[in-house]
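Q: Structure for the following, please:
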Amino acid sequence: MKKILQYQVFTLYISLMVALWVVLKEETESTVVQYAPFWLVIAMSLWAVFSILRGVAYLENSPNAAAEIEKDVGEARAVMKKRGIIS
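A: Purely as a prediction, here's the structure:
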């Protein structure tokens, strides 16, 4: 049995939502149904912003992170000097 990939699940959900919206739009005259895709985009945007803010708010600091970055930068500079990219 093959695994369903994440984009396939996303495509399935979007297809079902669009099909449901088209049917509901034809059956009713509700403004809520007419503007449902707009509100869905707004809701997804807010969810994305809040999830990013939550991730930044609870970001854990690593005491060795600065030293590790400095070491990586030093190694990159050495490689670039060896290749003649920088002097």
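Q: Send me the one helix or strand residue 37 maps to as CSV with only the CA atoms.
A: Element membership for residue 37, per DSSP states H and E: helix 36-57. Output of helix 36-57 as CSV, limited to C-alpha atoms (Å, rounded to 0.1, in the frame of the first residue of the first chain):
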residue,chain,number,x,y,z
ALA,A,36,-16.8,31.7,2.5
PRO,A,37,-13.5,31.4,0.5
PHE,A,38,-12.6,35.0,1.6
TRP,A,39,-13.2,34.2,5.2
LEU,A,40,-11.3,31.0,4.9
VAL,A,41,-8.3,32.8,3.6
ILE,A,42,-8.5,35.4,6.4
ALA,A,43,-8.8,32.6,9.0
MET,A,44,-5.8,30.7,7.6
SER,A,45,-3.8,33.9,7.5
LEU,A,46,-4.5,34.6,11.1
TRP,A,47,-3.7,31.1,12.1
ALA,A,48,-0.4,31.3,10.3
VAL,A,49,0.5,34.6,11.9
PHE,A,50,-0.4,33.4,15.4
SER,A,51,1.5,30.1,15.0
ILE,A,52,4.6,32.1,13.9
LEU,A,53,4.2,34.5,16.9
ARG,A,54,3.8,31.5,19.3
GLY,A,55,6.9,29.9,17.9
VAL,A,56,8.9,33.0,18.3
ALA,A,57,7.6,33.6,21.8
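Q: Residues in contact with it: which ones?
A: Helix 36-57 has contacts (C-beta atoms under 8 Å, 6 or more residues apart in numbering) with 17, 21, 24, 32. Where you see a C-beta, it was placed from the backbone N, CA and C, and this is true even at glycine.
Q: ok, of these, which come out buried?
A: When the contacts of helix 36-57 are checked for burial by 16 or more other C-beta atoms under 10 Å, the buried set is empty.
Q: Could you list the low-pLDDT ranges of this structure?
A: 1 (pLDDT under 70).
Q: circling back: between the contacts of helix 36-57, which sits nearest residue 84?
A: residue 17 (54.9 Å; C-beta to C-beta).
Q: Look up phi and psi at that closest one.
A: For residue 17, the backbone dihedrals (degrees, to the nearest 10) come out as phi -70, psi -40.
Q: Residue 15 now?
A: The phi/psi pair for residue 15 (degrees, to the nearest 10) reads phi -60, psi -40.
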